[in-house]
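Chemist: this is a predicted model, with the sequence first.
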Amino acid sequence: MNIYSAIFSQEKIFYVYQYLRFKKSKYGDIGTPYYIGKGKNRRAFEKQHPKGIAVPKDKNQIQILSKKYE
């Protein structure tokens with residue numbers, strides 16, 4: 001469990017997040033974002049992303065850019 005697991009298990013939290021590359025590819029270097037999304041609750045951490053995007057196995061590769069509580 002990481003710090004985000006406890007924070008985003010609550011309801012009515014909306015946020016913008018990014019997934020970072022863990023290896024170099026023809027599209028970017030290590031540590032650059034390959035997906036930026038918005039969500040609520042635990043969407044960024046779900047094992048199967050609704051759009052078919054590969055979710056990083058290492059949760060440190062997921063960064064929360066901003067959040068809003070309602």
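Modeler: Yes, it's here.
Chemist: so Asn60, which state does it fall into?
Modeler: In terms of secondary structure, Asn60 is helix; the call rests on DSSP: H, G, I helix; E, B strand; the rest coil.
Chemist: tell me how many other residues crowd it.
Modeler: 9 (other C-beta atoms under 10 Å). C-betas here are computed from N, CA, C, even on glycine.
Chemist: same question, Pro33
Modeler: 14.
Chemist: name the nearest residue to it, sequence neighbours excluded.
Modeler: Gln18 (4.2 Å; C-beta to C-beta, 6 or more residues apart in numbering).
Chemist: distance of that neighbour from Lys12?
Modeler: Remark: distance between Gln18 and Lys12 (C-beta to C-beta, to the nearest Å) = 22 Å.
Chemist: who has more neighbours, these two?
Modeler: Between Gln18 and Lys12, counted using other C-beta under 10 Å, the more crowded position is Gln18 (16 against 9).
Chemist: brilliant, that's me finished.
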